[in-house]
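Visitor: Below: sequence and its predicted model.
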Amino acid sequence: MEYPYEQVMMERETQIFMLMPSVEYISMHWHDRLELILVLDGNVRLTVEKDVYDLQTLDLVVVNADEIHGVEARGHNRLIIMQIPVKFLESVDPDAAKECFMRFLSAEGDVTSADKIRKRMIEMLILADKNKPFDHIKIHSLCLDILYLLLKGFRTSSNRGCFGKKKNDRSRLNRMIQYIQDHFSYPITLADLAKQEGLSRSYVSRYFRKHMGISFMSYLKGVRLEHALRMLIGSDWSITDIALQSGFSNLTTFHNLFKTTFHKTPHQYRKQARSHQPPKVQQSGGRMYHYEEQVDIDVLEKVYAQLANDKD
């Protein structure tokens, strides 16, 4: 399964991935990484398996490895997304890689420890931005401290997806997702996917919904929306051409889905995006994020100050 986030920091031994994006839409996906999401500002809707969380400023969430999840904007937002590979957890402590963590740290477990995790995530990004000699040692230390805090205060006995999917299920889902990613611009159907797998249409329909938490068609629409978003910002193509190149059968279908999802038309979205200073765009596997890098440190320091009661 390809990872949806650009690698913006891989500090020697730590092998961690961090990003500070403003997210529009990330379709349902999974990976073999522990993921922490901290909302610095704004609102997003996070779906994990069959649970939905409407997150706001300072909310902190853990997505366990192999849990299927997706993110949708609820207005302006700025996040810190941190991913820690399972292999790194295993290198630290084999037992740590087997643990399952509480999901919504803002409402569960030790509040003081949750604030410490928030601060350490912010510190890691500030250090990465400064990029001074030997800062990678401190970053490594902060990452280990986050893991320690999670293990001490936020473990759960639940086994909801934390110990990985069965190998056969993972392989089949990977093939299905890859087929959709490769063919979303064509008029593919559930029957086409079933034919690829040599299975009945009804079985694939049930299987996809069971393991992805959404229907085949909902997932396909999400992938097409991601592609359209990227093209709206990164190209001068007409909205009709973008709709067709993204796999939508006509402009009306695209327009209605876009407005339902983002509460504005594609034209309004493009106009609004272009009325501001052109943001940096990060692309990976069709997924899109944009942010104004100049204000990142200011935002980080502002949020860090709000957490000043952590006296450790």
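Guide: Sure thing, it's come through. Residues are numbered from 1 along each chain as shown.

Visitor: Could you check which helix or strand contains residue 31?
Guide: Element membership of residue 31 [criterion: DSSP states H and E] is none; it lies in no helix or strand.

Visitor: pretty sure it contacts residue 83?
Guide: Yes - contact criterion CB atoms under 8 Å: residue 31 and residue 83 qualify, at 7.4 Å. All C-beta atoms are positioned from the backbone trio N, CA, C, and that covers glycine.

Visitor: quick one: low-confidence ranges for the stretch 151-300 of the chain?
Guide: Residue ranges of the stretch 151-300 of the chain with pLDDT under 70: 158-168, 276-295.

Visitor: Counting neighbours, what do you get for residue 202?
Guide: A count of nearby residues for residue 202, using other CB atoms under 10 Å, gives 10.

Visitor: Over to the one 3 residues further on?
Guide: Counted with other CB under 10 Å, the neighbours of residue 205 add up to 18.

Visitor: Residue 66 now?
Guide: 20.

Visitor: Do you have the helices of the stretch 1-150 of the chain handy? List them.
Guide: 86-92, 111-130, 135-153 (DSSP state H, counting those that start in this stretch).

Visitor: just the angle between the last one and helix 111-130, please?
Guide: In this case it means helix 135-153. Helix 135-153 runs at 160 degrees relative to helix 111-130, counting by axes from the mean of the first three to the mean of the last three CA atoms, to 10 degrees.

Visitor: Mind checking what helix or strand follows helix 135-153 in sequence?
Guide: strand 155-156.

Visitor: Spell out which strands sit alongside that following strand in the sheet and which way each one runs.
Guide: Its sheet considered, strand 155-156 pairs with strand 100-101 (antiparallel) by DSSP bridges.

Visitor: ok, back up a step: tell me the most buried of the helices of the stretch 1-150 of the chain?
Guide: helix 111-130 (a mean of 19; mean count of other CB atoms under 10 Å).

Visitor: Check which helices and strands it is in contact with.
Guide: strand 17-19, strand 33-48, strand 60-63, strand 69-85, helix 135-153, helix 296-306 (3 or more CB pairs under 8 Å, 6 or more residues apart in numbering; DSSP states H and E).

Visitor: Having no further points to raise, I will conclude here.
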